[in-house]
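> Could you look at this predicted model? Sequence included:
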Amino acid sequence: MNRRSSRSRGKRTSSRTKHPPRRRLRFALVGCGGMGRYHARSLLGISEIEVVALCDVVKSRCLAFCKEFFGPKGFKPAVYTDFYKMIARESLDAVILVTPHTLHYPHAKAALQKGVHVLSEKPMVTTTAHARELVALAESKQRLLAVAFQAPVSAEFTYIAELIRSGALGRIELVDAYVAQQWKTITNGTWRQDPKLSGGGQLYDSGAHMLNAMMWLVDSPVKRVFAMADRCGTKVDINGTVSVVFENGCLGSIACLGDATMTGDTGVTLFATEGTIKTGIWGEKLEHFDKSGEKILYPYVPYKTVPPERNFVDAILGRDTLRCPGRYGILLAELMDAIYESIETGRPVDVRHREDFQAFRP
């Protein structure tokens, strides 16, 4: 009789302890416009969550959005046109805010007060006071508050951050960044050109990605700015330039073109003592030059780009740290307050920091 047949014929027992499946996190998506579509696609790829509610001020848009993205998956999230009714009625773990900029603050505040994690589209808020209040509230409620910037979760930015951390790039002496888009035309007639809803123009919209990318890569807040802008006949800034000095001494140059003839182009270049790096404000491209100026062909990038929603969920579950926690919302708000003050006064302005950001990048 062989070894296998000599085993007991009784019921087999598993050596693994069976655990009940983890409850999926209950999410609400607020805002069913263009960027809402981007977030919906990402959320549908995350198995640990379920979208139980959608909210948009236009009910027909919300219903069409639900049918397009969630109907084919057999999901039936509740539909709301009133954010505060949704927060009051639904049992939620997290919300994603894809609303006009100036609405982020009251929506995030209401969610955090209910004990709900918040992932906000950029900018997190449009005033420094609101940014500080939300970060303090999130800490008091022991809930996560994050900003949905794509670059810090990109493979390219992870690669660059590791170069800087290891000392391989040396000291960054200057950073140059630009974004050029047909922003004026694309956003004409929308809330993005209404300062009551947007808080600003191109500098606070796509420019927010550029400004955050610079601070995240340089690993330092901005200390001083001198800014100029052109509204190009609108109510908000369309084109803008900003000269900056970072707290760590690095210099920076920013160009934001919202009236471009080309469909779109971005760039961030880090000039350091041991080499040069070129990337984009959302990551997506990478060029690495060594100290002698020679291009490093096909640099090995052992990292993977993940959506901000994936990083947010992993942080809620304790698997990862947030790449853009709420303190980046404070930094951007402080910086934008100084930029707009400089535009109005025509003078250099010191950025008013209150927090100590020695431990800057996650």
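Structure received.
> Which helix or strand contains residue 176?
Assigned by DSSP states H and E, residue 176 belongs to strand 172-181.
> Now do the same for the helix or strand just after that strand: mean pLDDT, whole number.
Under the assignment DSSP H and E, the closest C-terminal helix or strand after strand 172-181 is helix 183-186. For helix 183-186, mean pLDDT is 96.
> which helices and strands does helix 183-186 pack with?
With contacts defined as 3 or more C-beta pairs under 8 Å, 6 or more residues apart in numbering; DSSP states H and E, helix 183-186 has no helix or strand neighbours. C-betas here are computed from N, CA, C, even on glycine.
> For that helix, buried residues please.
For helix 183-186, a neighbour-count test (16 or more other C-beta atoms under 10 Å) marks 183, 184 as buried.
> Report the mean per-residue pLDDT for the helix or strand following that helix.
Using DSSP H and E, the next helix or strand after helix 183-186 towards the C-terminus is helix 195-198. For helix 195-198, mean pLDDT rounds to 96.
> Buried residues, helix 195-198. List them.
Across helix 195-198, burial judged by 16+ other C-beta under 10 Å covers 195, 198.
> Would you confirm that residue 99 belongs to a strand?
No. Counting by DSSP: H, G, I helix; E, B strand; the rest coil, residue 99 is not found in a strand; it is coil.
> Which elements pack onto the strand holding residue 176?
Strand 172-181 sits against helix 206-218, strand 251-257, strand 264-272, with contacts defined as 3+ C-beta pairs under 8 Å, 6+ apart.
> who's in contact with stretch 130-147?
Applying C-beta atoms under 8 Å, 6 or more residues apart in numbering, the contact partners of stretch 130-147 are 94, 105, 108-109, 112-113, 115-125, 212, 308, 311-312, 315-316, 322, 324-330, 332-334, 354-355.
> redo that, cut-off 7 Å
Residues from elsewhere that reach stretch 130-147 (C-beta atoms under 7 Å, 6 or more residues apart in numbering): 105, 108-109, 112, 115-120, 122, 124-125, 312, 315-316, 322, 324-330, 333.
> do the same with stretch 227-239
Taking C-beta under 7 Å, 6+ apart as the rule, stretch 227-239 contacts 183-184, 193, 195, 198, 200-203, 240-242, 256-259, 339, 342-343.
> in that stretch, what's buried?
Neighbour-count burial for stretch 227-239 flags 227, 229, 230, 231, 234, 236, 237, 238, 239 (criterion: 16+ other C-beta under 10 Å).
> For the residues you listed, name the two members farthest from one another.
Based on C-beta to C-beta, the longest span within the buried residues of stretch 227-239 runs between 227 and 234 and measures 17.3 Å.
> roughly how far apart are residue 183 and residue 104?
As defined by C-beta to C-beta, to the nearest Å, residue 183 lies at a distance of 20 Å from residue 104.
> What separation do you get for the residue nearest the centre of the chain and residue 163?
Residue closest to the average C-alpha location in the chain (C-alpha atoms, centre = their mean): residue 149, at 1.8 Å. Per C-beta to C-beta, residue 149 is found 20 Å from residue 163.
> Within the sheet, what are the partner strands of the strand holding residue 176, with directions?
In the sheet, strand 172-181 lines up against strand 251-257 (parallel), strand 264-272 (antiparallel) (DSSP bridges).
> what's the angle between the last one and helix 206-218?
Looking back up the chat, that one is strand 264-272. Put simply, strand 264-272 runs at 20 degrees to helix 206-218, going by axes from the mean of the first three to the mean of the last three C-alpha atoms, to 10 degrees.
> Flag every buried residue along strand 264-272.
Of the residues in strand 264-272, those buried by neighbour count under the rule 16+ other C-beta under 10 Å are 266, 267, 268, 269, 270, 271, 272.
> Surely residue 66 is in a helix?
Yes. Assessed by three-state DSSP, residue 66 belongs to a helix.
> wait, residue 299 sits on residue 288?
Yes. If you go by C-beta atoms under 7 Å, residue 299 and residue 288 touch, sitting 4.7 Å apart.
> And those two? Which one has more around it.
residue 288 (21 against 13; other C-beta atoms under 10 Å).
> quick one: the more buried one from residue 191, how far?
From residue 288 over to residue 191 the distance is 39 Å, taken as C-beta to C-beta.
> if we can go back for a sec, for PyMOL, write the select line for the buried members of the contacts of stretch 130-147.
Here is the PyMOL command that picks out the buried ones among the contacts of stretch 130-147, judged by 16+ other C-beta under 10 Å:
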select buried, resi 105+108+109+112+116+117+118+119+120+122+124+125+312+315+316+322+324+325+326+327+328+329+330+333
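> just checking, which of the contacts of stretch 130-147 belong to helices?
Under the assignment DSSP state H, the contacts of stretch 130-147 contribute 105, 108-109, 112, 312, 315-316, 326-330, 333 to helices.
> What is the most widely separated pair among these?
In terms of C-beta to C-beta, the ones in helices among the contacts of stretch 130-147 reach their longest pairwise distance at 316 and 333, which sit 23.9 Å apart.
> which residues are contacting stretch 289-305?
With C-beta under 7 Å, 6+ apart as the test, stretch 289-305 has contacts from 153, 154, 155, 158, 159, 274, 275, 276, 283, 286, 287, 288.
> filter the residues you listed to the buried ones?
Using 16+ other C-beta under 10 Å as the burial test, the contacts of stretch 289-305 include 153, 154, 155, 158, 159, 275, 276, 283, 286, 288 as buried.
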